[in-house]
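Peer 1: Provide a 3D model corresponding to the input given below.
(one chain, ligands or ions: 1)
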Amino acid sequence: MNTTTKPEVEFRDVNYSADDLHILKSITGTFPKGKITTLVGPSGAGKSTLFKLCNGLRSPQSGEILIRNHSINDYDPVELRRTVGIALQSATMIKGSVLENLELPLTLQGKHIERGFAEELLYDVGLDGSFLQRNAKDLSGGQRQKLSIARTLVNQPKILLLDEITSSLDRVSQHDIEELIEKINEKYGTTMVWITHNLEQALKIGHYTWVMMNGEVIETGESSLLHAPKDERVQQFVKGELG
Ligand SMILES: Nc1ncnc2c1ncn2[C@@H]1O[C@H](COP(=O)(O)OP(=O)(O)OP(=O)(O)O)[C@@H](O)[C@H]1O
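Peer 2: The predicted model follows:
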């Protein structure tokens with residue numbers, strides 16, 4: 001990895017256990033600032049758990065996590081949630097309009113969204129302003145995912161965690177989402193970390209890649225590492241011989 005790239009998130013020997021299970025083992029590494037890092041690995045490798053550590057939903061038993069050069073422990077929970085946004089495969093919506101769903105992060109703070117900002121966010125994800133009054137439950141899967149991404153942008157996060165956001169979408173919607181993530185990354189300089197099972201997507205979208213297995217980080221570097229991994233287990237994984 002290019003050593004001149006600044007880390008936006010840094011893990012120093014991080015260990016996490018739950019129910020006597022050692023889920024994350026001595027995680028050390030960085031997600032570089034302003035770049036898209038893809039996180040790949042077999043099912044159960046610990047990828048989603050790593051995300052939960054990044055946004056404070058879980059705390060490690062040992063080690064240190066730095067977010068923008070500050071210990072995660074120094075952030076108050078609201079500030080951390082604003083700094084680190086997360087979008088999930090499920091793109092869960094509340095009952096109501098697109099507008100009500102979009103402004104949810106502000107409603108929770110007792111505020112409303114300004115119309116112009118709402119329209120800009122929809123524009124960023126390829127939806128026009130006429131969507132605002134539509135019922136969120138009538139959106140297609142791809143549109144719902146776009147709205148979910150727009151909603152994470154309301155707080156203007158510096159870091160965006162994307163957990164399998166295209167896995168349940170058809171190829172066209174998948175491609176749409178990939179393009180808009182690249183666009184958002186360029187427009188706002190948002191640091192992105194994207195968990196994906198799709199290695200083709202990881203190669204296409206990621207500037208960097210982390211490969212995780214059994215709670216460990218096995219290989220990291222520029223995404224092209226997936227063409228010629230050094231580690232034998234990663235070689236097997238990219239050939240589809242592991243989960
Ligand atoms: N609270 C918990 N208690 C016990 N085990 C847990 C808990 N949370 C996660 N695990 C286990 O930790 C391991 C890692 O889970 P995690 O969801 O992070 O993997 P993943 O790499 O995201 O998998 P997938 O690609 O299938 O989503 C799994 O074996 C899971 O069952």
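
Peer 1: how about the residues of the protein that lie near the ligand?
Peer 2: Residues of the chain found near the ligand, taking Cβ under 6 Å from any ligand atom as the criterion, are 18-19, 21, 23, 41, 43-49. The way it works is simple: take the backbone N, C-alpha and C, and place the C-beta from them, glycine included.

Peer 1: The chain: strands as residue ranges?
Peer 2: Residue ranges of the strands in the chain, as given by DSSP state E, are 7-18, 21-32, 36-40, 62-67, 70-71, 84-88, 159-163, 191-195, 208-213, 216-222.

Peer 1: quick one: the one residue sitting closest to the centre of the chain and residue 36, what's the gap?
Peer 2: Compute the mean C-alpha point of the chain, and by Cα atoms, centre = their mean the closest residue is residue 161, 1.8 Å away. Using Cβ to Cβ, to the nearest Å, one obtains 12 Å as the distance from residue 161 to residue 36.

Peer 1: Residue 182 too?
Peer 2: Applying Cβ to Cβ, one obtains 7 Å for the distance of residue 182 from residue 36.

Peer 1: More neighbours: these two, which one.
Peer 2: Between residue 182 and residue 36, counted using other Cβ atoms under 10 Å, the more crowded position is residue 36 (25 against 14).

Peer 1: Specify the beta-bridge partners of that one.
Peer 2: Beta-bridge pairing for residue 36 (DSSP bridges): residue 192.

Peer 1: Distance of it relative to residue 162?
Peer 2: Using Cβ to Cβ, one gets 9 Å for the distance from residue 36 to residue 162.

Peer 1: Residues that sit against both of these two, list them.
Peer 2: Shared between the contact lists of residue 36 and residue 162 (criterion: Cβ atoms under 8 Å, 6 or more residues apart in numbering) are residues 181, 192-194.

Peer 1: Between which two of those is the distance greatest?
Peer 2: Checking the shared contacts of residue 36 and residue 162 against each other with Cβ to Cβ, the farthest-apart pair comes out as 181 and 193, at 11.1 Å.

Peer 1: The two: who's more crowded?
Peer 2: Neighbour comparison, residue 181 and residue 193: the larger count goes to residue 193, with 26 against 22 (by other Cβ under 10 Å).

Peer 1: Now do the contacts for residue 188.
Peer 2: Taking Cβ under 8 Å, 6+ apart, one finds 153, 156 in contact with residue 188.

Peer 1: pLDDT score for it?
Peer 2: Model confidence at residue 188, expressed as pLDDT, equals 94.

Peer 1: do the one 10 residues further on as well
Peer 2: For residue 198, the pLDDT comes out at 92.

Peer 1: centre of the chain versus stretch 40-51, how much separation?
Peer 2: Taking the mean of its C-alpha atoms, stretch 40-51 sits 12 Å from the chain's own mean (Cα atoms, centre = their mean, to the nearest Å).

Peer 1: Where does pLDDT dip in this protein?
Peer 2: The chain contains residues with pLDDT under 70 at 1-4, 242-243.

Peer 1: 90 instead?
Peer 2: Applying pLDDT under 90 to the predicted model, the residue ranges of the chain that meet it are 1-5, 90-91, 108-109, 129, 168-169, 239-243.
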